[in-house]
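Undergrad: Quick one, what's the 3D model for this:
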Amino acid sequence: MMTPVLKLLRDLVALPSVNPAFTPAADPLSGEERVAEHLRSCARKAKLDAEFQPVLPHRSNLLIRLAPRGRAKRRIVLAPHFDTVTLHDLSQLEPRIRSGRLYGRGSCDTKASVASMFQAMVNVSRMPSRPNETEIVLAGLIDEESGQSGSRALVRSEFRADFAIVGEPTRLRVVTAHKGDLWLAIQTRGKAAHGSEPHRGSNAITHMSRVIQTLEGPYAAQLKRERHPLLGSATLNIGTISGGRQPNIVPNFCEIRVDRRTLPHESDAAVVRGLKATLRQHGCQAVVRDWKGVPSRPLETPANLPWVQALLAVARQKVPAGVNFFSDAGVLADGGIPSVVFGPGDIAQAHTIDEWVSVDEVERATALLTRFLGGLA
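TA: Got it, this is the predicted structure:
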């Protein structure tokens, strides 16, 4: 017989919630509304308060609350996200359980966290001795896969909490540190000329090749020299390149867009200054600008905080972990809410064609979260 948490996860995977940033306008499969509406209906059946927090047109966070028995003195937030990356084909909306795995788009990232966190809240709500002074809030967030509009709106609304557990696939490890994510556009300029007389022009693509050589050579070596105990080294990935109009014109413009993963001690401004200095040092003339436009700072939450220690104890984990990916935890922590990342699944399965999550991990995540929340004062 299928357990409540697996039934909920199956239902959530069957509901498309592709981030609109990755779909054509008015695509019927985009948006998080279907998932949010379904979970609100489930909350009402469980006699939990639920309300929408509008963020973008037709896109809202969902806040589900479990009030304490007495006067609330503190608040714990469970914060998974509802959106997924794009679908490879419609079969990804047909959840399948096979060999101890549940397959489907979003199963790992992060509908398994949504299901386990919600079911843990329901379990605690039915306990005779549920928390007396701690309000528990599940904040189902939109837009994590693109601009993190959901978590940013939650912070801007002056929502306050003492601790947040952000749902992401960590293989049930408590994560207190992750890298930041700085997206940069680097441009080179040249002079257009006829392709038969390239000496009359200045080739912006050739200039960019020197930039790329510098980034993948001296700059990459420079990044490797500094290491964080949980995160290792900062990294840089060249993700896109564009330049030129046609083969018989010397290109006067070229641009690459890069993903620079930052460490907790690095500021975005310092990273940009350092990158510019390295390019100048190696004779590269280029314009560097922040392309994303919103801060996506690293996470580093002290492991000695009582909430962190309590969750580590429940997870039977001696020391916290770090991950390379960015998450809403960085946004919430930057907004004043101490945060960790925790959830079923492996990031290696996220965004893949055959995305899956371990059924056992979903069940264990529910049990661990129930134990943690049920032990709150």
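
Undergrad: now stretch 2-14, how far from the chain's geometric center?
TA: Taking CA atoms, centre = their mean, to the nearest Å, one finds stretch 2-14 lying 22 Å from the centre of the chain it belongs to.

Undergrad: same check, this time on stretch 282-300
TA: 19 Å.

Undergrad: Distance check, residue 131 against residue 74.
TA: Using CB to CB, to the nearest Å, we find residue 131 at a distance of 9 Å from residue 74. Every C-beta, even on glycine, is put in place using the N, C-alpha and C of the backbone.

Undergrad: OK, contacts around residue 147?
TA: By CB atoms under 8 Å, 6 or more residues apart in numbering, residue 147 lies in contact with 21, 292, 294.

Undergrad: part of a helix, is it?
TA: No. Secondary structure of residue 147 (DSSP: H, G, I helix; E, B strand; the rest coil): coil, not part of a helix.

Undergrad: From what I see, residue 359 and residue 97 are in contact.
TA: Yes. With contact defined as CB atoms under 8 Å, residue 359 counts as touching residue 97 (6.5 Å).

Undergrad: So between these two, which is more surrounded?
TA: Counted by other CB atoms under 10 Å, residue 359 and residue 97 do not tie: residue 359 has more neighbours, with 21 against 16.

Undergrad: So which residues of the stretch 201-350 of the chain form strands?
TA: In the stretch 201-350 of the chain, the strands defined using DSSP state E, counting those that start in this stretch lie at 235-243, 253-262, 287-290, 299-300, 321-323, 339-341.

Undergrad: And the stretch 1-150 of the chain, by the same measure?
TA: Counting by DSSP E, counting those that start in this stretch, the strands of the stretch 1-150 of the chain are 49-56, 59-66, 74-79, 96-98, 101-103, 134-140.

Undergrad: To residue 330, which of these lies closest?
TA: strand 74-79 (11.7 Å; CB to CB).

Undergrad: Each with direction, which strands does that closest one pair with?
TA: strand 134-140 (parallel), strand 163-166 (parallel) (DSSP bridges).

Undergrad: Can you tell me which of those is most buried?
TA: Highest mean neighbour count among these (mean count of other CB atoms under 10 Å): strand 163-166, with a mean of 27.

Undergrad: Show me what whichever helix or strand comes after it packs onto, helices and strands only.
TA: Sequence order places strand 175-178 as the next helix or strand after strand 163-166, per DSSP states H and E. Applying 3 or more CB pairs under 8 Å, 6 or more residues apart in numbering; DSSP states H and E, one finds that strand 175-178 contacts strand 299-300, strand 321-323, helix 328-334, strand 339-341.

Undergrad: Using CSV, lay out the strands of the stretch 1-150 of the chain together with distance to residue 12.
TA: What follows is the strands of the stretch 1-150 of the chain, written out as CSV (distance: least, CB to CB, whole Å):
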stretch, distance to residue 12
strand 49-56, 15
strand 59-66, 12
strand 74-79, 15
strand 96-98, 14
strand 101-103, 10
strand 134-140, 10
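
Undergrad: right, and those strands - which one's nearest residue 286?
TA: Set against residue 286 and scored by CB to CB, those come closest in strand 49-56, at 33.8 Å.

Undergrad: Need the residues that contact the closest one.
TA: Contacts of strand 49-56 (CB under 8 Å, 6+ apart): 36, 39-40, 43-44, 60-67, 142-143, 149-150, 153-154, 157.

Undergrad: hmm, 10 Å instead?
TA: By CB atoms under 10 Å, 6 or more residues apart in numbering, the surrounding residues in contact with strand 49-56 are 20, 31-33, 36-37, 39-44, 59-67, 137-143, 147, 149-154, 156-157, 159.

Undergrad: Please indicate which of the residues you listed are buried?
TA: With neighbours counted by 16 or more other CB atoms under 10 Å, the contacts of strand 49-56 contain buried members at 20, 31-33, 36, 39-40, 42-43, 59-67, 137-143, 147, 149-154, 159.

Undergrad: Distance-wise, check the closest residue to residue 160 other than its chain neighbours relative to residue 135.
TA: Excluding its sequence neighbours, the residue lying closest to residue 160 (CB to CB, 6 or more residues apart in numbering) is residue 75, at 6.9 Å. Going from residue 75 to residue 135 by CB to CB gives 5 Å.

Undergrad: Can you work out which residues contact both of those two?
TA: Common contacts of residue 75 and residue 135 (CB under 10 Å, 6+ apart): 65, 68, 161-162.

Undergrad: so can I have TSV of those showing pLDDT and distance to residue 27?
TA: Shown next, in TSV, are those (pLDDT from 0 to 100; distance: CB to CB, whole Å):
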residue	pLDDT	distance to residue 27
65	98	32
68	95	42
161	98	34
162	98	39
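
Undergrad: Closest to residue 113 out of these?
TA: Relative to residue 113, the closest of the shared contacts of residue 75 and residue 135 is residue 161; by CB to CB it sits at 17.1 Å.

Undergrad: what secondary structure does the closest one sit in?
TA: coil.

Undergrad: Hmm, it is touching residue 151, no?
TA: No. The criterion here is CB atoms under 10 Å, and residue 161 misses it with residue 151 at 11.9 Å.
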